[in-house]
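Undergrad: Coordinates only, no sequence provided:
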């Protein structure tokens, strides 16, 4: 079993749709959680950190469920520009190592 | 603007010919990472430095080496590139372990 697992998709949604991605992690000692966005042939860019209480940034909402060991990303009112691969990243304490999921590909269509 | 810079952006090398990729940062971050990313795959951590402390991943081939001569610079040396080493190489920094990482634009390596 992979340390961090994501549904690879692809998710194909119309503009304006709401879409949600989940990411599960296997190490219960994980302490840091992030969502990154990666456009084709570009570097990953931080989208959101994920906090225990959940957090929202505009159309994006991230949540953490420690009991079930997953994080989620909700995108409301999808835009064409949201088309990208979304990477879940989980870190374990002071090891300095973060593990990336394989990413979920989103395509938003007109 | 503070940033992570990678040079070159594109590198072509011959099979077996040593190559060095460079990364510099103006963020003054303690941690620097090197990742390898192949098409449709997640970035794979090769190694990272916490300040001058080098941390190698167990499955990183010996063919890959790294140097961090100072806080700002980090190098990735591939001693004898094989065809399977063709990939995007990403450098990233973070202020400390477990904090968000900031990536450079990557170096796309082609091995002929």
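TA: Looks like it arrived, so ask away. Quick caveat: nothing in here was measured; it's all calculated off a predicted structure.
Undergrad: Can you list the low-confidence ranges for chain B?
TA: For chain B, the stretches with pLDDT under 70 are B:1-2.
Undergrad: Near chain A, which residues of it are found?
TA: For chain B, the residues in contact with chain A under the definition CB under 8 Å from any CB of the partner chain are B:31, B:41-45, B:48, B:50, B:55, B:57, B:88, B:90, B:97-106, B:108. C-beta coordinates here come from the backbone N, C-alpha and C atoms, glycine included.
Undergrad: ok, how many other residues are close to residue 15?
TA: By default, I'm working from chain A. Residue A:15 is surrounded by 12 other residues when neighbours are defined as other CB atoms under 10 Å in any protein chain shown.
Undergrad: you looked at the wrong chain, it should be chain B
TA: A count of nearby residues for residue B:15, using other CB under 10 Å, gives 11.
Undergrad: my read: it touches residue B:111, true?
TA: Yes. Counting by CB atoms under 8 Å, a contact exists between residue B:15 and residue B:111, whose distance comes to 5.9 Å.
Undergrad: which residues do the two both contact?
TA: B:81-83 (CB atoms under 8 Å, 6 or more residues apart in numbering or on different chains).
Undergrad: Just the buried residues from those, in ChimeraX please.
TA: Typed into ChimeraX, the line below selects the buried ones among those, using 16 or more other CB atoms under 10 Å in any protein chain shown:
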select /B:81
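Undergrad: Now that we have the shared contacts of residue B:15 and residue B:111, can you turn them into TSV and tack on secondary structure?
TA: Rendered in TSV, the data for the shared contacts of residue B:15 and residue B:111 read as follows (DSSP: H, G, I helix; E, B strand; the rest coil):
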residue	secondary structure
B:81	coil
B:82	coil
B:83	helix
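Undergrad: Out of the shared contacts of residue B:15 and residue B:111, which is nearest to residue A:104?
TA: Sorting these by distance to residue A:104 puts residue B:83 at the head of the list, at 29.3 Å, by CB to CB.
Undergrad: what's the burial count for the closest residue to that closest one other than its chain neighbours?
TA: Excluding its sequence neighbours, the residue lying closest to residue B:83 (CB to CB, 6 or more residues apart in numbering or on different chains) is residue B:111, at 5.3 Å. Residue B:111 is flanked by 19 other residues according to other CB under 10 Å.
Undergrad: Which strand residues bridge residue B:111?
TA: On DSSP bridges, the residues paired with residue B:111 through beta bridges are residue B:13.
Undergrad: hang on, isn't it packed against residue B:14?
TA: Yes. Residue B:111 lies in contact with residue B:14 (CB under 8 Å); the separation is 7.3 Å.
Undergrad: tell me, what's touching these two both at once?
TA: With contacts defined as CB under 8 Å, 6+ apart, the residues shared by residue B:111 and residue B:14 are residue B:81.
Undergrad: now residue B:19, which residues is it bridged with?
TA: Here residue B:19 sits in beta bridges with residue B:78, as judged by DSSP bridges.
Undergrad: okay, now it: neighbour count?
TA: The local packing count at residue B:19 equals 20, with neighbours defined by other CB under 10 Å.
Undergrad: Make sure it is actually in contact with residue B:81.
TA: Yes. Under the criterion of CB under 8 Å, residue B:19 makes contact with residue B:81 at 5.9 Å.
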